[in-house]
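[1] Test case, fold it:
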Amino acid sequence: MLNNTLAVGIQGIQDGMMGMESAARKIARGGADGPQGTAQGAGNLIEPIIDLKLYERSVEASAQVVKAADETLGTLLDIMA
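    Have a look, this model is predicted:
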């Protein structure tokens with residue numbers, strides 16, 4: 001059970017990091033897609049910035065899952081010892 005929980009947490013971190021990379025690339029390209037300083041150029045950046053923040057939260061949540069599984073495993077090992 002803990003193995004599965006750790007795997008899910010790690011997969012969540014990996015997926016979140018890939019999403020963050022994708023959003024960061026869109027942000028980097030966003031300034032070049034529309035004229036800088038215009039509403040069109042800024043509008044191109046809103047969605048990727050929101051996505052970046054969502055993926056950041058996803059990575060943080062997945063890290064908490066891994067941390068909880070690690071602490072549980074440590075507690076079980078202490079009990080068994």
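
[2] Flag the shaky bits of the protein, pLDDT-wise.
    Along the chain, the model assigns pLDDT under 70 to residues 31-42.

[3] which stretches of it form helices?
    2-33, 39-80 (DSSP state H).

[4] Columns mean neighbour count on top of those, output as a markdown table?
    All C-beta spots, glycine's among them, are computed from the backbone N, C-alpha and C. Converted to a markdown table, those look like this (neighbours: other Cβ atoms under 10 Å):
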| stretch | mean neighbour count |
| --- | --- |
| helix 2-33 | 14 |
| helix 39-80 | 14 |
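
[5] okay, which residue of this structure is out on the far edge from center?
    Note on the chain: the largest C-alpha distance from the chain mean falls to residue 81, namely 35.7 Å (Cα atoms, centre = their mean).

[6] Quick check: that one vs residue 72, distance?
    Per Cβ to Cβ, to the nearest Å, residue 81 is found 15 Å from residue 72.

[7] Residue 13 contacts residue 60, correct?
    No: judged on Cβ atoms under 8 Å, residue 13 makes no contact with residue 60 at a distance of 9.3 Å.

[8] How about the contacts made by residue 16?
    Residue 16 is in contact with 55, 56, 58, 59, 62, counting by Cβ atoms under 8 Å, 6 or more residues apart in numbering.

[9] any idea how far the nearest residue to it once chain neighbours are set aside is from residue 20?
    Nearest residue to residue 16 in three dimensions, chain neighbours excluded: residue 59, at 3.6 Å (Cβ to Cβ, 6 or more residues apart in numbering). Distance, residue 59 to residue 20, by Cβ to Cβ: 7 Å.
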